[in-house]
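[1] need a structure here:
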Amino acid sequence: MSAKAEHYDVIRKPVITEKATMASEQNAVVFEVSPEANKPQIKEAIEALFGVKVKAVNTTITKGKSKRFRGRLGTRKDVKKAYVTLEEGNTIDVSTGL
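    Okay, here's the model as predicted:
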């Protein structure tokens, strides 16, 4: 498996929410990442895929909610998000595809 494919396994997709949009004003971008990924792996993947310098990586794990599916109780999956702060002058446009 190539190094680029491994980076795509770490970074799943950008998160586009109201909170993520507010974070982008502070030069931060939010990505959904693999639950097994650690901060150095996330930093390496972002720098390799987008060609930017990463200042800091903060992660959070959101536990899946219990919801009813067709009358049965089910649970949504847990999601790990990475708030990636970029160095000054670096930007990532998440509205375009990878």
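[2] Tell me the spatial nearest neighbour of residue 26, not counting adjacent residues.
    In space, and not counting its chain neighbours, residue 26 is closest to residue 85: 7.4 Å by Cβ to Cβ, 6 or more residues apart in numbering. For glycine as for every other residue, the C-beta is placed from the backbone atoms N, C-alpha and C.
[3] Other residues contacting stretch 47-61?
    Contact with stretch 47-61 is made by 3-4, 7-8, 11, 27, 33, 35, 39, 42-43, 46, 78-87, 90-92, 98, as judged by Cβ atoms under 8 Å, 6 or more residues apart in numbering.
[4] Going through these, which ones are buried?
    Burial by neighbour count, judged by 16 or more other Cβ atoms under 10 Å, picks out 7, 11, 27, 33, 42-43, 46, 80-84, 86, 90, 92 from the contacts of stretch 47-61.
[5] Those residues: which two are farthest apart?
    Maximum pairwise distance among the buried ones among the contacts of stretch 47-61 (Cβ to Cβ): 22.8 Å, between 80 and 90.
[6] what sits against the residue positioned nearest the centre of the chain?
    Central residue of the chain (Cα atoms, centre = their mean): residue 31, 1.6 Å from the mean position. Residue 31 is in contact with 11, 12, 13, 14, 15, 42, 46, 81, 82, 84, counting by Cβ under 8 Å, 6+ apart.
[7] how does it look with 7 Å?
    Contact analysis of residue 31 by Cβ atoms under 7 Å, 6 or more residues apart in numbering lists 11, 13, 14, 15, 81, 82, 84.
[8] hang on, the fifth one is in a strand, isn't it?
    Right, residue 81. Yes: under DSSP: H, G, I helix; E, B strand; the rest coil, residue 81 falls within a strand.
[9] And the helix or strand harbouring residue 5, what does it pack against?
    Assigned by DSSP states H and E, residue 5 belongs to helix 3-10. Using 3 or more Cβ pairs under 7 Å, 6 or more residues apart in numbering; DSSP states H and E, the elements in contact with helix 3-10 are helix 39-50.
[10] Can you report how many residues lie near residue 28?
    19 (other Cβ atoms under 10 Å).
[11] Before I go, just wanted to say thanks for your time.
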